[in-house]
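Enquirer: the following block contains a protein sequence and its predicted model.
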Amino acid sequence: MISPKGKTALITGSTDGVGRVVAEQLGKMGARVLVHGRDRERGEQVVADIKRTGGTAEFLSADLAALAEVRRLADAVRATTDRLDILINNAGIGSAGAGRQTSADGHELRFAVNYLAGFLLSYLLLPLLKQSAPARIVNVASAGQQAIDFSDVMLTRGYSGSRAYCQSKLAQIMFTVDLARELEGTGVTVNSLHPATYMNTTMVRRAGVTPISTVEQGAEAILNLAVGPALEGRSGLYFNGLREARAERQAYDAEARARLRALSLELTGLRAGEKV
Ligand SMILES: NC(=O)c1ccc[n+]([C@@H]2O[C@H](COP(=O)([O-])OP(=O)(O)OC[C@H]3O[C@@H](n4cnc5c(N)ncnc54)[C@H](OP(=O)(O)O)[C@@H]3O)[C@@H](O)[C@H]2O)c1
């Protein structure tokens, strides 16, 4: 691994699950870690654990189910650090749950939290990442992927938690492919991955699935993209664990990606001056 000593890393959703393990490991390796989640008490516990092993960490809270909170998180990051070397968009909601839910902005909840929040956060933090280059963005997606039906992205018909989860995860991968092209020559790379199958986390337990992987396995795959030497200068890729892999077909459909991008810009209200 490339030592992250002296580097700053933001890991969204690091109050629990695989994000927490990644935050702790980056802290142990010497990175300054920005821990993120909704629950301050658990966030401060992760910060304390990182400090106990000699690391440096701060907690930033934000509910990614509101775009205004995503903007507030980006402001808080800028107020906390003048460099950002690693951004890991990891926070997510699984497929379990009753019926269709919406975000504070009225968007289908999994699309909003798992995908749109990371889309907006990445753009808002790009100036900081570019000025810290070489820098890396890692989008924690999943092997569970489903093509987006552009006539009903908000899933008002035929909703299921699994479909909502899988389309949000493919959206992250499509965004990765697009953003990598846009970032060519900037020194900022972006890759996505399926960390591991059914890790023993809250998300998996909530879905009533018996875990078959450890969080450490998933963390290893995420760290490979975040600080692995083999990934230096490589961008726009999708990994299944530690192996480069192919995602669902729609990820390689330029027209579908352009539609998703146009929709995402509209939904997030990203202004021209912010998209640098
Ligand atoms: N578990 C697996 O087997 C598996 C497989 C493939 C991909 N993944 C992906 O890996 C990532 C992490 O999953 P995990 O299994 O570690 O999940 P987890 O244990 O349920 O943790 C999810 C994290 O995301 C945060 N989060 C959820 N909703 C949020 C919101 N609205 N605003 C801010 N933060 C929010 C949670 O914060 P709170 O503590 O506030 O809830 C928590 O820190 C996800 O993107 C998931 O899709 C997981």
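Expert: All right, it came through fine.
Enquirer: count of neighbours near Ala112?
Expert: 27 (other Cβ atoms under 10 Å). All C-beta atoms are positioned from the backbone trio N, CA, C, and that covers glycine.
Enquirer: grab the nearest non-local neighbour of it.
Expert: Ser103 (3.6 Å; Cβ to Cβ, 6 or more residues apart in numbering).
Enquirer: mind checking the SS state of whatever residue of the stretch 51-200 of the chain ends up closest to the ligand?
Expert: Relative to the ligand, the nearest point of the stretch 51-200 of the chain is Gly92 (2.7 Å; Cβ to the nearest ligand atom). Following DSSP: H, G, I helix; E, B strand; the rest coil, the label given to Gly92 is coil.
Enquirer: show me what contacts the residue nearest to Ala112?
Expert: Ser103 sits next to 65-67, 109, 112-113, 116 when contact means Cβ atoms under 8 Å, 6 or more residues apart in numbering.
Enquirer: about what we covered before: and the residue of the stretch 51-200 of the chain closest to the ligand, how far is that from Ala180?
Expert: 21 Å (Cβ to Cβ, to the nearest Å).
Enquirer: for Leu84, same thing?
Expert: Leu84 sits 18 Å away from Ala180, going by Cβ to Cβ.
Enquirer: which of these two has more neighbours?
Expert: A count of neighbours by other Cβ under 10 Å puts Leu84 above the other of Leu84 and Ala180, at 26 against 19.
Enquirer: now do Glu184, the pLDDT please.
Expert: We have a pLDDT of 98 for Glu184.
Enquirer: could you report the pLDDT at the closest residue in space to Lys28 that isn't next to it in sequence?
Expert: Spatial nearest neighbour of Lys28, chain neighbours left out: Thr53 (5.2 Å); criterion: Cβ to Cβ, 6+ apart. Thr53 is assigned 95 on the pLDDT scale.
Enquirer: for Thr53, give me its contacts.
Expert: Counting by Cβ under 8 Å, 6+ apart, Thr53 touches 24, 27-28.
Enquirer: okay, how far is it across stretch 110-119, tip to tip?
Expert: End-to-end distance for stretch 110-119, by Cα to Cα, to the nearest Å: 13 Å.
Enquirer: what lies in contact with that stretch?
Expert: In contact with stretch 110-119 (Cβ under 8 Å, 6+ apart) are residues 12, 64-65, 67, 70, 89, 91-93, 102-103, 105, 107, 139, 153-155, 161, 164-165, 167-169, 171-172, 175, 264, 267-268.
Enquirer: tell me which of the residues you listed fall in helices.
Expert: The helices, defined by DSSP state H, take in 67, 70, 161, 164-165, 167-169, 171-172, 175, 264, 267-268 from the contacts of stretch 110-119.
Enquirer: residue numbers of the stretch 151-276 of the chain in contact with the ligand?
Expert: Proximity of the stretch 151-276 of the chain to the ligand, by Cβ under 6 Å from any ligand atom, involves residues 194-195, 198-199, 201-204.
Enquirer: which two of those have the greatest separation?
Expert: Checked with Cβ to Cβ, these reach their widest spread between His194 and Thr202, with 18.0 Å between them.
Enquirer: who's more crowded, those two?
Expert: His194 (22 against 11).
Enquirer: circling back: look up the closest residue to the residue of the stretch 51-200 of the chain closest to the ligand, ignoring the ones flanking it.
Expert: Nearest residue to Gly92, sequence neighbours excluded (Cβ to Cβ, 6+ apart): Asn114, at 4.6 Å.
Enquirer: among the residues of the stretch 151-276 of the chain next to the ligand, who's most crowded?
Expert: Pro195 leads those on contacts (other Cβ under 10 Å) with 31 neighbours.
Enquirer: nearest residue to that one in space, ignoring adjacent ones along the chain?
Expert: In space, Pro195 is closest to Gly218, 3.4 Å off (Cβ to Cβ, 6+ apart).
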